[in-house]
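> next comes the sequence, and after it the predicted model I'd like to discuss.
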There are 2 protein chains.
Amino acid sequence: MGRGKIVIRRIDNSTSRQVTFSKRRNGIFKKAKELGILCDAEVGLVIFSSTGRLYEYASSSMKSVIDRYGRAKEEQQLVANPNSELKVRWSGEVGVHRGGWLHHNSPIHDELYSPFFSSFSPDLSKFSHCPNH
Amino acid sequence: MGRGKIVIRRIDNSTSRQVTFSKRRNGIFKKAKELGILCDAEVGLVIFSSTGRLYEYASSSMKSVIDRYGRAKEEQQLVANPNSELKVRWSGEVGVHRGGWLHHNSPIHDELYSPFFSSFSPDLSKFSHCPNH
DNA sequence: AGGGCTATCTATAACCG
DNA sequence: TCGGTTATAGATAGCCC
C-alpha cells in the first residue's frame, strides 16, 4: 500500500522502522475499532514498540478483555479435557484457585488459568491511552 | 475498501456481520503480524466475536504479552505517582502482592497491577489457535 | 524527527455460483 | 449458508518540506 511493494521482514533502518511503526500502528488501531463496532466484537490490542513503549486499545477495557480471555482459555482447557469437566467456581476474587474446586485428573490441570484476572484495578483506565483518537 | 463505501456502525444483518467479521478478522491478524515483523514489535491481539468465540494472535505468546502489559502498567503507575517510587518485587510467583512490598502513600496504590500475570501456564500454547495461518 | 502528499498496493463490500 | 471474484475504498511507502 504505497509507492512500492515491500517484503514483510524487519526494517533495518531504525528511522524508517519508527516511521512505519507509527503509521501502521495507527492503521491497525483503526481496524481494531472498526471491527469492534461493525461486528459487535470485543477487541483488545497490545503493542510494544521495539523501543519498549506500550500502546494499547480495547473496545471495552483491557481489564475486561484480559479477564474474559482468561475465562475463555479455561473453558478451552475444560473442553480439551472433558474428563475433568467438573465445576470451577469463578468467584471474581483475587487469588488463585481460592474457594474454587478443581479436578486433578488432568495432568495439565495444575496449570490452569486462574481468576487472577479479576484483580485488575478499575482505576487503571486513567492510565490507558489510545494513540488513535 | 470494497464495491461501496460503508459507514462504521454495527451491521444489523446477522449474516452480513458474520461475513464481515470473518474477513476483517483475517485482515487485522495479517496486519498485526506484519507490524510485529516489520517493526520488531511485540503484538498481542484478542478478539471475541459477537457470538462469544475467542480469536487470538500474539507475535510472541499471549502470556508474554499480558505479562509484559502488567509490568508496563505498573511502571506507568509509578511514573504517575513518583512519590511512591519504592521497590516492588516481581517474584513471578502466583499471587497478589505476596512477598512484595508496596508503598501505601498513594490512594490508588492498593489497586496496583499485580504480578499474577506470571502465573500463566507455559502449556497453554497448545490451546492457542491463530485463524490466519 | 515530524507532518503532509500521492501513486500504488491492499483489503474488502458487493456479487455470484 | 459459503467460498471465490472483482471493482473500489482505504492504507501506506517513498518523497518532500
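Cool, the structure landed. Residues are numbered from 1 along each chain as shown, chains lettered A, B, ... in the order given.

> which parts of chain A are helices?
Along chain A, the segments classed as helices by DSSP state H run A:14-38, A:62-80.

> which residues sit against the longest one?
If I follow you right, that is helix A:14-38. With C-beta atoms under 8 Å, 6 or more residues apart in numbering or on different chains as the test, helix A:14-38 has contacts from A:10-11, A:41-43, A:45, A:47, A:49-50, A:55, A:57, A:59, A:130-132, B:6, B:8-11, B:17, B:20-21, B:24-25, B:27-28, B:31-32, B:34-35, B:38-41, B:45, B:47. Using the backbone N, CA and C atoms, a C-beta is placed for each residue, glycine as well.

> recalculate using a threshold of 7 Å.
A:11, A:41-43, A:45, A:47, A:49-50, A:55, A:57, A:59, A:130-132, B:8-11, B:20, B:24-25, B:27-28, B:31-32, B:35, B:38-41 (C-beta atoms under 7 Å, 6 or more residues apart in numbering or on different chains).

> near DNA strand D, anything from the lengthiest strand in chain A?
Determined from DSSP state E, the single longest strand within chain A is strand A:42-48. No: Strand A:42-48 is not in contact with DNA strand D by C-beta under 7 Å from any atom of the strand; minimum separation 12.6 Å.

> so what touches that strand?
A:25, A:28-29, A:32, A:35-36, A:54-60, A:62, A:65-66, A:68, B:41-48, B:65, B:68-69.

> which members of the residues you listed are classed as buried?
Buried residues within the contacts of strand A:42-48, counting neighbours by 16 or more other C-beta atoms under 10 Å in any protein chain shown: A:25, A:28-29, A:32, A:35-36, A:54-59, A:62, A:65-66, A:68, B:41-48, B:65, B:68-69.

> now do the buried residues in the helix or strand of chain A with the lowest mean pLDDT.
When each helix and strand of chain A is scored by mean pLDDT, DSSP states H and E, helix A:62-80 comes last, with a mean of 94. Residues of helix A:62-80 classed as buried by neighbour count (16+ other C-beta under 10 Å): A:62-74, A:76-78.

> show me what that helix is packed against.
strand A:42-48, strand B:42-48 (3 or more C-beta pairs under 7 Å, 6 or more residues apart in numbering or on different chains; DSSP states H and E).

> how far off helix B:14-38 does the first one point, in degrees?
Angular relation of strand A:42-48 and helix B:14-38 on a 0 to 180 degree scale: 10 degrees, by axes from the mean of the first three to the mean of the last three C-alpha atoms, to 10 degrees.

> need the per-residue pLDDT for the residue in chain A that DNA strand C sits nearest to.
Nearest residue of chain A to DNA strand C, counting by C-beta to the nearest atom of the strand: A:M1, 3.3 Å away. On the pLDDT scale, A:M1 is placed at 86.

> and if you look at A:R25?
pLDDT at A:R25 comes out at 98.

> would you mark the buried spots in stretch A:20-39?
Within stretch A:20-39, the residues scored as buried using 16+ other C-beta under 10 Å are A:20-21, A:24-25, A:27-39.
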